[in-house]
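Participant: test case, fold it:
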Amino acid sequence: MRNQSVEFIMAGRRQRRRRWVLVTSLLAVLAGMLCCAMLLLGSTIYPVQDVIRALSGEHLKGVFFAVNTIRLPRMLAGLCAGFAFGIAGYTFQTMLRNPLANPNVIGITSGSSAAAVFCIIVLHSSRAVVSAASVIAGLATVLFIYMLSRGRSFSVGRLILVGIGIQAMLDAVISYLLLVSAQQDIPAALRWLTGSLNGSQMHELPPLVITVIIAAPIIIVLGKHLDILELGEQSASSLGIDTGKTRITLIVSSVCMIAMATATTGPIAFVSFLSGPIAKRLVGVGFSNVIPAGLVGVNLVLAADLIGQFAFEYRFPVGIITGLLGAPYLIFLLIRMNRKGEL
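Facilitator: Numbering: from 1, shown residues only. Purely as a prediction, here's the structure:
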């Protein structure tokens, strides 16, 4: 009887592993196909062989500039930003055990956005300064929210409420800066606030790429600890997890990625909010969904950018398309949580 129970458990584990591998592989293939589409499609559709020759360094007339200067940086920005938004959003939602606890809702993105808008409108800073200010402001915001929400003990509900309040305050600051700014500065700030891959340049991407390369593996390695934190503070401690150090490591890594992605592309709406739930629905439970959530983020950003470029008469930034996708889900989630008495 005991052997049958063990075999049943192991069979279920193997089935969940196969599902994880299959779904993750399909998400990776879809992301690769979207990357190829980003390079091939545009005002002019180039043959695959011409794109490959241009990427290899051959100076084909028209093709080299379009692919290497415009499409490749745009694709890489969407790839890295989507992966960063997806992983960071899933990390916060899992660690805080609440689907509303993502960087968009609890004010982290607003902190980065406020600093960036201030640099653009008031200081007229370069892109590098805007990026640095965005990252620093994101880290400062999450530290401030964490300190205010601690009290005698850490509380997820308190953190979310404090974060929502800080977000409202920072959004008011952004609105004020736009109101008093010079007319010629408003388009640049609004374009950044919308979230867009337009104008991405290769020399601006290394900070984002390096941050993702460093921070993403840290979160992936701590994926099992992240799942244990979802069980609660006492359960995680009883299983030997140093909850304080683990939580701080996850928060710092996630905030660095989210702030750098926001500094590069602007706050692309709802990607960090949608990626985790979609990945969990596709993969199921039993294994860490950090990588699937990152791949879902990549697919959302790249697909939304292609839709914004080619599906309508006018071209729309990626943030508008993801906002149209995310807003109905947010309403649905709030209604469902209210019915369950979780609000």
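Participant: CA atoms of stretch 131-143 as CSV?
Facilitator: Extracted C-alpha coordinates of stretch 131-143, given in CSV (Å, rounded to 0.1, in the frame of the first residue of the first chain):
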residue,chain,number,x,y,z
SER,A,131,17.7,55.7,-16.4
ALA,A,132,19.8,56.1,-13.3
ALA,A,133,17.3,58.3,-11.6
SER,A,134,14.5,55.8,-12.4
VAL,A,135,16.4,52.9,-10.8
ILE,A,136,17.3,54.9,-7.7
ALA,A,137,13.8,56.2,-7.2
GLY,A,138,12.3,52.7,-7.7
LEU,A,139,14.6,51.3,-4.9
ALA,A,140,13.9,54.2,-2.7
THR,A,141,10.2,53.8,-3.2
VAL,A,142,10.1,50.1,-2.3
LEU,A,143,12.3,50.8,0.8
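Participant: what residues sit buried inside that stretch?
Facilitator: By 16 or more other C-beta atoms under 10 Å, the buried positions in stretch 131-143 come out as 131-135, 137-139, 141-142. (C-beta placed from N, C-alpha, C; glycine too.)
Participant: which ones among those residues are found in helices?
Facilitator: In this view, those that belong to helices under DSSP state H are 131-135, 137-139, 141-142.
Participant: out of those residues, show me where the pLDDT dips lowest.
Facilitator: Among these, residue 131 has the lowest pLDDT, at 77.
Participant: thinking it is in contact with residue 207, fair?
Facilitator: Yes: if you go by C-beta atoms under 8 Å, residue 131 and residue 207 touch, sitting 6.1 Å apart.
Participant: any idea how far residue 275 is from the most centrally placed residue in the chain?
Facilitator: The residue lying closest to the centre of the chain (C-alpha atoms, centre = their mean) is residue 85, at 0.7 Å. Going from residue 85 to residue 275 by C-beta to C-beta, to the nearest Å gives 7 Å.
Participant: next helix or strand past whichever helix in the chain runs longest?
Facilitator: Ranked by number of residues, the top helix in the chain under DSSP H is helix 2-40. Where DSSP states H and E defines the elements, the next helix or strand beyond helix 2-40 is helix 48-55.
Participant: average pLDDT across that following helix?
Facilitator: 87.
Participant: next, the angle from it to helix 2-40.
Facilitator: 80 degrees (axes from the mean of the first three to the mean of the last three C-alpha atoms, to 10 degrees).
Participant: can you show me the CA trace of helix 48-55 as PDB?
Facilitator: This file holds the C-alpha atoms of helix 48-55, laid out as PDB (Å, rounded to 0.1, in the frame of the first residue of the first chain):
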ATOM      1  CA  VAL A  48      14.700  36.100 -44.200                       C
ATOM      2  CA  GLN A  49      18.100  35.700 -45.900                       C
ATOM      3  CA  ASP A  50      18.500  39.400 -46.200                       C
ATOM      4  CA  VAL A  51      17.800  39.900 -42.500                       C
ATOM      5  CA  ILE A  52      20.400  37.200 -41.600                       C
ATOM      6  CA  ARG A  53      23.000  38.800 -43.900                       C
ATOM      7  CA  ALA A  54      22.300  42.200 -42.300                       C
ATOM      8  CA  LEU A  55      22.600  40.700 -38.800                       C
END
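Participant: closest to residue 321 among the buried residues of stretch 131-143?
Facilitator: The closest of the buried residues of stretch 131-143 to residue 321 turns out to be residue 134 (C-beta to C-beta; 22.3 Å).
Participant: who's in contact with that closest one?
Facilitator: The contact partners of residue 134, by C-beta atoms under 8 Å, 6 or more residues apart in numbering, come to 112-113, 115-116, 259-260, 262-263.
Participant: narrow those to those in strands?
Facilitator: Using DSSP state E, the subset of the contacts of residue 134 located in strands is empty.
Participant: which one of those is nearest to residue 194?
Facilitator: Residue 194 lies nearest to residue 113 out of those, by C-beta to C-beta, at 10.7 Å.
Participant: which SSE is the residue nearest to the centre of the chain in?
Facilitator: helix 72-95.
Participant: just the strands from the stretch 101-250 of the chain, written as ranges.
Facilitator: Using DSSP state E, counting those that start in this stretch, no strands are found in the stretch 101-250 of the chain.
Participant: where does the stretch 1-150 of the chain have low pLDDT?
Facilitator: 1-6, 8-13 (pLDDT under 70).
Participant: shared neighbours, residue 131 and residue 207?
Facilitator: Shared contacts of residue 131 and residue 207, counting by C-beta under 8 Å, 6+ apart, come down to 260, 263-264.
Participant: could you find the lowest-pLDDT member of these?
Facilitator: residue 263 (82).
Participant: follow-up on the earlier one: if I look at residue 85 and residue 275, which residues touch both of them?
Facilitator: residue 297.
Participant: where does the stretch 151-300 of the chain dip in pLDDT?
Facilitator: Low-confidence segments of the stretch 151-300 of the chain (pLDDT under 70): 151-156, 232-233, 239.
Participant: just the helices in it please.
Facilitator: Assigned by DSSP state H, counting those that start in this stretch, the helices in the stretch 151-300 of the chain fall at 156-180, 186-194, 206-221, 223-229, 233-238, 243-265, 271-283, 290-310.
Participant: wait, what's in contact with the closest residue to residue 201 other than its chain neighbours?
Facilitator: Ranked by C-beta to C-beta, 6 or more residues apart in numbering and with sequence neighbours excluded, the top spatial neighbour of residue 201 is residue 73, at 5.5 Å. Taking C-beta under 8 Å, 6+ apart, we find residue 73 in contact with 200-202, 204-205.
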